[in-house]
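Engineer: Give me a model of this one.
(2 chains)
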2 protein chains.
Amino acid sequence: MRATLYGGAYDITVGERPDPAIELPTDAVVRVLLGCVCGSDLWYYRGVSPHALGPIGHEFIGIVEQIGSDVTGLAEGDLVIAPFLWCCGECRPCRTGWPSNCIHAGSFGNNGNDGGQGEKVHVPYADATLVKVPAGDYDDATMKSLLALSDVACTGNHAAVSARVKPGQTVAVVGDGAVGLSAVLAAHRLGAERIIALSRNPVRQEVARAFGATDIVAERGDDAIAHVLDLTDGWGSDAVMECVGTGQSMDTAYGIAAVGSTIGAVGVPHDVVLPVNTMIFRNTGFSGGVAPARRYIPELLPDVLSGAINPGLVFDYETDLDHVLDAYQAMDERRAIKSLVRIGR
Amino acid sequence: MRATLYGGAYDITVGERPDPAIELPTDAVVRVLLGCVCGSDLWYYRGVSPHALGPIGHEFIGIVEQIGSDVTGLAEGDLVIAPFLWCCGECRPCRTGWPSNCIHAGSFGNNGNDGGQGEKVHVPYADATLVKVPAGDYDDATMKSLLALSDVACTGNHAAVSARVKPGQTVAVVGDGAVGLSAVLAAHRLGAERIIALSRNPVRQEVARAFGATDIVAERGDDAIAHVLDLTDGWGSDAVMECVGTGQSMDTAYGIAAVGSTIGAVGVPHDVVLPVNTMIFRNTGFSGGVAPARRYIPELLPDVLSGAINPGLVFDYETDLDHVLDAYQAMDERRAIKSLVRIGR
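Structural biologist: Predicted coordinates:
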């Protein structure tokens, strides 16, 4: 089969890989329909974060092609969504709602594992990992939204859930990448009344508004803080979603957080120092982390299928496997929010 | 009137102060019955944290002696509990449950304000600040527990509430000072099934057990972490209360925190660096801060009056105003968990 291969910084190619096969009775093999490029893939692409040579891409939806003899919840031909990490479903983290912290977790598209930017994927613990989509004839917009559930929509949801967004609140989102925009959508879904999106990019502002943002703050740093405080009568935001993971973005998040609020953070930290004195003296908490996507997918799926939410709007660039490098370049050059890669049919 | 005066490191004396009077129609004057020494007073006593010269002591219960013309909820002769900070009751933090973050908050016993280690206290915003105790003939043990509601019992409660302690959980408390012990009590009250107290002091271990601790871990640092992990089958504690505020205690707290748990922290930070990568990759949150005592006092008061909880057990040393220096010394030398000061009748 053909798959996207990571060869080091700025080295993305399409090459041959052995076809995956059932190795354990709990495995499945999935034929990928749609994959995409994650913001975290960009860290690898730019050589900032380490990544194993070989397959890359951890988000995909596809069709079950083969199942092991112990797989009971799936059948050949099922349309499935894969969370970005597999999970066993039985360990304590899995049982307590933290499947991404499964003691058997592994990442698709890293460490030699098949990735979502390839034609087929070997899926361990298939019953626990994959979420079956009810049979149906879905249009392309819905398929894109199903793909978004693989990571970005769940990660945005984790920011909002972690920030304890409640109906009627005024909330703010730091970060206008695909995750930040997904956090806007999640906050809207959870009933936030006023959603302040920090973005200076007109294309992203437009998606933010489509997702429910009521206010756009285009400034950065101290000016952004001043603007949000101005919008909130000086009190700050009832809940803050931090969707970047840099020191500056975290400082902004704490600068706009009201007394007693919580920062819901989902960005992988780069040079972040948490302001512990501010946190203690203003009772501003910190919550979040690697999203428990496998827990959220079944929660969000009905709203995607009903059309209540359309998280696939974050895909504003698309290409096919032959041109997967373009997908990276478009995001690297900030021409795209998030790139879709059409792999199979 | 006579009051304890802070004159610098290790300089605690009893001196004369003008009798407080009603200055604004929302004021009250309270005659102090019982005061005490707080762990934070020790930081001042040792010269580690700055404190204004003059009155000291922010915890007290007493009898209302005078009220201003706008005070409607209190009458002369009422027994009242003062939270350690006054609050206006009307600003946004007050209305949203964060009275200690009141924009008009001020601390008793600092910056020239009357303190709880003196005979009388001028109380601003008396209706919003003071909590009236139903008339009754209370024994000495109950009076001590009412005094504990002024700060330490509420601060321990804030650690447990912030850590989201739930019925049936296995939880751990880092710190065996009066606040840590109060957190044990609070966790027990909230239904924790197993409560691991970290303490190597036999006297404090005994109070911890009286408050509901089921397991004592006497080690420190990495050995303490190993012991707690051993007690929890390697998973760590479902909730962790951090009641010290040092870098080492925070490291211990995060070392014993299960995936998905929250650290409820109430210690004023001294050299704390939060482990943001651990927090993100294990989904371990941070919550807490300066306790909203004025919110918790009415919640905890019925349980004190019914005898369901007895937070006054933290007082294991007592003296009178003439000997207030002894109260500090006993705590400084770790001969006492917490010192009570009998002021009036």
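Engineer: Please name the residues that touch the nearest residue to A:V268 once chain neighbours are set aside.
Structural biologist: Distances taken as CB to CB, 6 or more residues apart in numbering or on different chains place A:G245 nearest to A:V268, at 5.1 Å, with adjacent residues excluded. For glycine as for every other residue, the C-beta is placed from the backbone atoms N, C-alpha and C. Contacts for A:G245 (CB atoms under 8 Å, 6 or more residues apart in numbering or on different chains) come out as A:265-270, A:272, B:280.
Engineer: Tabulate those residues (TSV), appending pLDDT.
Structural biologist: As requested, the contacts of A:G245 are exported to TSV (pLDDT from 0 to 100):
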residue	pLDDT
A:A265	98
A:V266	98
A:G267	91
A:V268	90
A:P269	94
A:H270	91
A:V272	96
B:I280	98
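Engineer: Which one of those residues is nearest to A:P20?
Structural biologist: Using CB to CB, A:V268 is the member of those that lies nearest A:P20, at 27.7 Å.
Engineer: neighbours of that closest one, just the number please.
Structural biologist: 19 (other CB atoms under 10 Å in any protein chain shown).
Engineer: repeat for the one 4 residues further on
Structural biologist: Applying other CB under 10 Å, we find 22 other residues in the vicinity of A:V272.
Engineer: Return the distance of it relative to B:G260.
Structural biologist: 20 Å (CB to CB, to the nearest Å).
Engineer: per-residue confidence for A:R345?
Structural biologist: pLDDT, A:R345: 89.
Engineer: mind checking the SS state of the nearest residue to it once chain neighbours are set aside?
Structural biologist: Distance criterion CB to CB, 6+ apart; nearest residue to A:R345, sequence neighbours excluded, is A:L33 at 6.9 Å. Assigned with DSSP: H, G, I helix; E, B strand; the rest coil, A:L33 falls in the strand class.
Engineer: same thing with A:V179?
Structural biologist: A:V179 is classified as helix under three-state DSSP.
Engineer: any idea how far A:V152 is from it?
Structural biologist: 6 Å.
Engineer: got the residue ranges for the helices in the stretch 151-300 of chain A?
Structural biologist: A:152-162, A:178-189, A:202-211, A:221-231, A:247-255, A:276-282, A:293-305 (DSSP state H, counting those that start in this stretch).
Engineer: Which one of the ones you listed lies nearest to chain B?
Structural biologist: Of all those, helix A:276-282 sits nearest to chain B, with 4.4 Å by CB to the nearest CB.
Engineer: Is chain B within reach of the closest one?
Structural biologist: Yes - interface with chain B: helix A:276-282 contributes A:276-277, A:279-282 (CB under 8 Å from any CB of the partner chain).
Engineer: From the residues you listed, list just the buried residues.
Structural biologist: Buried by 16 or more other CB atoms under 10 Å in any protein chain shown: A:276, A:279-282, out of the residues of helix A:276-282 next to chain B.
Engineer: ok, which pair from the residues you listed is furthest apart?
Structural biologist: A:V276 and A:R282 (11.1 Å).
Engineer: measure A:G77 to A:G116 for me?
Structural biologist: Counting by CB to CB, the gap from A:G77 to A:G116 is 19 Å.
Engineer: Of those two, which one has the most company?
Structural biologist: A count of neighbours by other CB under 10 Å puts A:G116 above the other of A:G77 and A:G116, at 31 against 9.
Engineer: For the more buried one, what are phi and psi?
Structural biologist: For A:G116, the backbone dihedrals (degrees, to the nearest 10) come out as phi -80, psi -10.
Engineer: Do I have it right that it meets A:A82?
Structural biologist: Yes - checked against CB atoms under 8 Å, the pair A:G116 and A:A82 is within contact range at 7.0 Å.
Engineer: shared neighbours, these two?
Structural biologist: Common neighbours of A:G116 and A:A82 (CB under 8 Å, 6+ apart) are A:59-60, A:108, A:150.
Engineer: didn't A:V121 look like it was pressed against A:V32?
Structural biologist: Yes - at 6.1 Å, A:V121 counts as touching A:V32 under the criterion of CB under 8 Å.
Engineer: Who are the contact partners of the closest residue to chain B within the stretch 101-250 of chain A?
Structural biologist: Nearest to chain B in the stretch 101-250 of chain A, going by CB to the nearest CB, is A:N101, at a distance of 4.3 Å. Neighbour list for A:N101: A:93, A:290, A:292, B:259-260, B:282-283 [criterion: CB under 8 Å, 6+ apart].
Engineer: Save these as TSV, and put in pLDDT and distance to B:L198 too.
Structural biologist: TSV is the format used below for the contacts of A:N101 (pLDDT from 0 to 100; distance: CB to CB, whole Å):
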residue	pLDDT	distance to B:L198
A:P93	98	24
A:V290	98	28
A:P292	98	29
B:V259	98	20
B:G260	98	21
B:R282	98	20
B:N283	98	23
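Engineer: Between all of those, which two are separated the most?
Structural biologist: Top of the distance list for those (CB to CB): A:P292 and B:R282, 12.0 Å.
Engineer: Name the residues of the stretch 201-345 of chain A found near chain B, please.
Structural biologist: A:235, A:245, A:258-260, A:262, A:265-269, A:272-274, A:276-277, A:279-290, A:292.
Engineer: Which ones among these map onto strands?
Structural biologist: Counting by DSSP state E, those place A:262, A:265, A:285-288 in strands.
Engineer: In space, not sequence, find me the middle residue of chain A.
Structural biologist: The centre of chain A sits closest to A:V152, judged by CA atoms, centre = their mean, with a distance of 1.9 Å.
Engineer: what's the distance between it and A:A186?
Structural biologist: Taking CB to CB, one finds A:V152 at 11 Å from A:A186.
Engineer: And what about A:V341, helix, strand or coil?
Structural biologist: Assignment for A:V341 (three-state DSSP): strand.
Engineer: Settle this for me: it is touching A:Y317, isn't it.
Structural biologist: No - A:V341 is beyond contact range of A:Y317, at 9.8 Å (criterion: CB under 8 Å).
Engineer: okay, the two: which has more neighbours?
Structural biologist: A:V341 (29 against 18).
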